[in-house]
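Enquirer: the following comprises the amino acid sequence and a computationally predicted model.
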Amino acid sequence: MSGSGNVFALRADQLEELWPQIEPHLKRFEFETATTSSASLKALALNCEAQVWGYQDAGVIRGVCITQIYQHLRGRYCAVFVAVGDLMPIIHDGLALIEDWARGLDCAAIEIIGRKGWLRVLPEYRERAVVLEKNLKVLNG
């Protein structure tokens, strides 16, 4: 990637200062996916149970992703389970940083939970599962 932007990881103690720029991205993710709330993600990050990564250009945070380390049968895994905003810089530069960071934590693999379109831009990753969902609540309206 060229340009003046940079990919960064936030420490939990930096989150409050940058939250006004991060929250709109996470609110968008919450609205688009209906999988988790921005408040829940903030709590995970503040408790050091998840890590916030971002892409900043000209002083503005343009993309955010969140990772979480968990124990898999094959060893420690690093899951990228939130990605929103301008993601190409994060994919091109940030993913290598995340992979190096996870390797340093002795992770066996990186797992990306996202849309099928990620396969086109990440050919070195393989599809391991498909998530199926059926709504069990009757919506009146």
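Expert: Received the coordinates, thanks.
Enquirer: buried stuff in the longest strand along the chain?
Expert: When the chain is parsed with DSSP state E, its longest strand is strand 60-72. Neighbour counts over strand 60-72 (16 or more other Cβ atoms under 10 Å) mark 61-69 as buried. Quick note: C-beta positions are derived from backbone N, CA and C, even for glycine.
Enquirer: give me the mean pLDDT for whichever helix or strand comes after it.
Expert: Helices and strands here follow DSSP states H and E; after strand 60-72, the next one along the chain is strand 75-85. Strand 75-85 carries an average pLDDT of 93.
Enquirer: residues contacting strand 75-85, please?
Expert: Strand 75-85 is contacted by residues 25-26, 28-29, 32, 36, 41, 55, 61-71, 90, 95, 98-99, 101-102, 105-114 when judged by Cβ atoms under 8 Å, 6 or more residues apart in numbering.
Enquirer: then stretch 97-108?
Expert: 7, 9, 53, 65, 67, 69, 72, 74-78, 80, 110.
Enquirer: got the CA positions of it in CSV?
Expert: What follows is stretch 97-108, C-alpha atoms only, in CSV (Å, rounded to 0.1, in the frame of the first residue of the first chain):
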residue,chain,number,x,y,z
LEU,A,97,0.9,-7.5,10.9
ILE,A,98,-1.9,-9.5,12.5
GLU,A,99,-0.3,-12.8,11.2
ASP,A,100,3.1,-11.8,12.6
TRP,A,101,1.5,-10.8,15.9
ALA,A,102,-0.5,-14.1,16.1
ARG,A,103,2.6,-16.1,15.2
GLY,A,104,4.4,-14.4,18.1
LEU,A,105,1.6,-15.7,20.4
ASP,A,106,2.2,-19.2,19.0
CYS,A,107,-1.1,-19.3,17.1
ALA,A,108,-1.4,-22.2,14.7
